[in-house]
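Novice: Make a model of this:
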Amino acid sequence: MTTDLHDEPFEVEVMQSDLVFDGHVWDVREDRFRYGDAELVRHYVDHPGAVAIAAVDDERRILLIQQYRHPIRTRDWEVPAGLLDVAGEDPRDAAARELAEEADLDAAEWERIGAFAPSPGGSSEVIPLFLATGLTRRAEAFERHAEEADIRPEWVPLDEAVAAVLDGRISNAMATIAILVAAERLRDRS
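Specialist: As a prediction, this is how the structure comes out:
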């Protein structure tokens, strides 16, 4: 194995791309494209993208929020996150906006610690992951609606959050990845 292990962008000839479902948040597309000698058709969720934030305080606790998610009928534990749904918004700025909206927090330091594609075989969604530190409470709380109205925040020691992931008690992909990557990034920092 090479030490230069990384995903590689790859362009194919897209012969036709049609919108087959125009959704409220994301769409479904059908693409006909050439790959090698084959002509393939694939349907996928055309997603605007999102950001996820591992907000870690000075006591090495990570902020988790519990929120209802209708497709899986669960109030799952997540990290603050949100859609890239503001035209032209930089992902780091979107992360700051989402941290303020979901947790009423600002961060003095931001570090991009990775990105992930939750379902690359069926969705165009790519989620940049940010580590937010130097956290301060905002003077005014954000007004939340719908599923966000009863968000339950919890500051969890990072080691306990890692144990919850490894024990299978947290299954949200964003939370799982954010917890494990943040713990690894912060392991040797004082």
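
Novice: So the residue most central in space within the chain: helix, strand or coil?
Specialist: Centroid-nearest residue in the chain: residue 52, 3.6 Å away (criterion: Cα atoms, centre = their mean). Following DSSP: H, G, I helix; E, B strand; the rest coil, we place residue 52 in the strand state.

Novice: Bridged to it, which residues?
Specialist: For residue 52, the beta-bridge assignment (DSSP bridges) gives partners residue 81, residue 129.

Novice: Surely it is in contact with residue 81?
Specialist: Yes: here residue 52 reaches residue 81: they are 4.2 Å apart, a contact under Cβ atoms under 8 Å. Yep, even glycine has a C-beta here, placed from its N, CA and C like the rest.

Novice: measure the residue in the chain sticking out farthest from the centre to residue 13 for me?
Specialist: Relative to the centre of the chain, and counting by Cα atoms, centre = their mean, the farthest-placed residue is residue 37 at 35.3 Å. To residue 13, residue 37 is 12 Å away according to Cβ to Cβ, to the nearest Å.

Novice: Residue 174 now?
Specialist: Taking Cβ to Cβ, one finds residue 174 at 33 Å from residue 13.

Novice: Low-confidence stretches in the protein?
Specialist: For the chain, applying pLDDT under 70 flags the ranges 1-2, 142, 144-149, 190.
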